[in-house]
Structures are given as structure tokens and as C-alpha cells.
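Colleague: Need a 3D model of the sequence below.
(chains A and B)
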Amino acid sequence: MKHDLIVLTPTGRLDAAGARPLEAELKAHIAAGEVNILIDFEDTPYISSDGLRALLAAQKQAKKRGGALKLCCLNHRLSEIFEMSGFDKVFEIYASREQAERSFAPLGG
Amino acid sequence: MRKADKPSGTNLKFSLTVNSRLERLSEIANFIELAARESGLNEDQIYDVQMAVDEACANVIEHAYHGRTDGTIDIVCEKRDHEFVVTIRDFGERFNPKKVARPQIGVPLSRRNIGGLGLFFMHKMMDKVQFDFAAGSGNRLTMVKKIKK
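Modeller: Numbering: from 1, shown residues only, chains lettered A, B, ... in the order given. Predicted coordinates:
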């Protein structure tokens, strides 16, 4: 149970309003011990500083519990935002969902 | 959206007034997209301005109005020759950008504090960012994006 991989695919803009439900979902998973989480950004055109803050908070909590938050499928503007802010150093970021899922494989999913 | 006037054919003006709710941010983004596109900005420039305005308005709602939903945000976009100028006014608490901590871009995750990131993006995305405050007329933020072909 503890090692199951949770995959979230937020849809729409992760602005200050859109970040809140994602933040709540991440908190609930981590509180339940589901600390290996992949976020697929396929359907996310935009992320604001509030979205980044929500991800950072979740990453800190997940790492504390021996897990990790990883990301995949960022469009070029999202990639740029992560690089510009140094957030690309905070997360493992994969081009495809398949690669990202494989990176969790040693945990046994 | 109201297209207020078109004085010379090259200069344009667009305005939007919304209340201080986070749910209005997507409507603001749509307004910026229309105004910027009509002013001749390309897709990347439109995205830049949308992000800067999104961060600015989220700051207004969260910090000037402290989450109150009955505040007013006035947004005016103007195309002035080769510049796209966005002016955002609110009547909440005075904003002092000097009091905002700079984000620690190179600092490891465990020691990072997460303030000032919105302001950081506004400066990255725009060519000019200027804050003014006057008693009675509130906060005024002016941001300029040069229109490049």
C-alpha cells in the first residue's frame, strides 16, 4: 500500500484558484501514507507561483516520509517557468509519463 | 471587456473591472489574451503578460485585500506605439515591494523559503514593473511589455 504510485493529472490553469484543490489532494494522499506521487502536466497549460508553492510543500512532506513527488509532460512554457525559478532542481522531471513511471519502478508498484 | 477608445488607429485601450476573487483570475487571463492579441503581441509575449498580470492580481487579492472578496481591481491595457502597458489599481492595503523577500532560487529545497516568487516572475516576464501608492487612490502597478515582431 505504502509503495503504490499515485498519478494525478490536473486539468486547466494552476493559478492561485486552481492550485488549491491540487494542494488539498496532495495533502490528503501524503497524510494517507501515499508518498510516491507523479503529476502528469499533459492538460496543464499554466502554473503560477501559488501552484509552484503547493508542489514544493508537497515535495517537502513526501520526502520527509521517504517518498517523492515527480513530474512529467510539461509544455515548453511550464518547463521554462520551472527552470527560471530553480524549481527544476527540486523535482525529477520527465518528458513522458512512461519514463516517469519507470523511475518509480524499484519501489515495486 | 470594454474597448474604451481608439484615438489614432495605432493606439488602443482596453479595460476590465473585477471584484477581488481568485475565481476571477481565469477571466482576467482571457481579457489579457484578447487585449494583447489585438495589440499585436505574439503568443509568447501574450503568455508573459498573462503570467505577470495573474501574479499581480493574485497578490492584490491575497495581500492588499487579505482574501476579502468585495474589493475592486481595475485593469487597463494600452497599446502605446511599440509598448503594451498594463495598469492595475486596487484600493486595499498599501503594497511595499521592498518588504517582500527575494526568492532563493539557488538554495536547496530544505532551506528554501517561498516568498516573493510572484514578484520575481513579474519582473522576469515584463520589461518594466513599477509600484505607486497615493492616499485616496490606492495602489497602482504599471507593467510594460515591449512589442517585438
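Colleague: Show me the strands in the chain, by range?
Modeller: All of this is about chain A. Remark: strands assigned in chain A by DSSP state E are A:5-8, A:36-40, A:68-72, A:92-94.
Colleague: if you could check chain B rather than the one you did, that'd help
Modeller: Under DSSP E, chain B gives strands at B:2-5, B:12-19, B:72-80, B:83-90, B:128-134, B:138-146.
Colleague: now those strands as a markdown table including mean pLDDT?
Modeller: Shown next, in a markdown table, are those (pLDDT from 0 to 100):
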| stretch | mean pLDDT |
| --- | --- |
| strand B:2-5 | 57 |
| strand B:12-19 | 97 |
| strand B:72-80 | 97 |
| strand B:83-90 | 98 |
| strand B:128-134 | 93 |
| strand B:138-146 | 96 |
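Colleague: Can I get these in CSV including mean neighbour count and distance to chain A?
Modeller: The C-beta positions use only the backbone N, C-alpha and C, and glycine is treated the same way. Output for the strands of chain B, formatted as CSV (neighbours: other CB atoms under 10 Å in any protein chain shown; distance: least, CB to the nearest CB, whole Å):
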stretch, mean neighbour count, distance to chain A
strand B:2-5, 11, 23
strand B:12-19, 17, 13
strand B:72-80, 19, 13
strand B:83-90, 20, 15
strand B:128-134, 13, 15
strand B:138-146, 19, 15
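Colleague: need the strands of chain A in CSV with mean pLDDT, distance to chain B and mean neighbour count, can you?
Modeller: Shown next, in CSV, are those (pLDDT from 0 to 100; distance: least, CB to the nearest CB, whole Å; neighbours: other CB atoms under 10 Å in any protein chain shown):
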stretch, mean pLDDT, distance to chain B, mean neighbour count
strand A:5-8, 97, 20, 16
strand A:36-40, 98, 16, 22
strand A:68-72, 97, 11, 23
strand A:92-94, 98, 12, 18
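Colleague: Turn those into TSV, including distance to B:Val49.
Modeller: Listed next are the strands of chain A as TSV, based on distance: least, CB to CB, whole Å:
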stretch	distance to B:Val49
strand A:5-8	29
strand A:36-40	26
strand A:68-72	25
strand A:92-94	26
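Colleague: For chain B, see how far away A:Cys73 is.
Modeller: Distance of A:Cys73 to chain B, computed by CB to the nearest CB, to the nearest Å: 18 Å.
Colleague: How about that residue, nearest residue that isn't a chain neighbour?
Modeller: Among residues not flanking A:Cys73 along the chain, A:Glu42 sits closest, at 4.4 Å (CB to CB, 6 or more residues apart in numbering or on different chains).
Colleague: Check chain B for its longest helix and report it.
Modeller: helix B:43-59 (DSSP state H).
Colleague: packing partners for that one?
Modeller: helix A:49-64, helix A:76-85, helix B:25-38, strand B:72-80, strand B:83-90, helix B:117-125, strand B:138-146 (3 or more CB pairs under 8 Å, 6 or more residues apart in numbering or on different chains; DSSP states H and E).
Colleague: ok, the fourth one: who's next to it in the sheet?
Modeller: With DSSP bridges as the test, strand B:72-80 is paired with strand B:12-19 (antiparallel), strand B:83-90 (antiparallel).
Colleague: Next, the contact list for the residue nearest the centre of chain A, please.
Modeller: Centroid-nearest residue in chain A: A:Ile39, 3.9 Å away (criterion: CA atoms, centre = their mean). Counting by CB atoms under 8 Å, 6 or more residues apart in numbering or on different chains, A:Ile39 touches A:Val7, A:Leu8, A:Thr9, A:Pro10, A:Leu55, A:Leu69, A:Lys70, A:Leu71, A:Cys72.
Colleague: do A:Val7 as well
Modeller: Counted by CB under 8 Å, 6+ apart, A:Val7 has contacts A:Ile37, A:Leu38, A:Ile39, A:Asp40, A:Arg97, A:Glu101.
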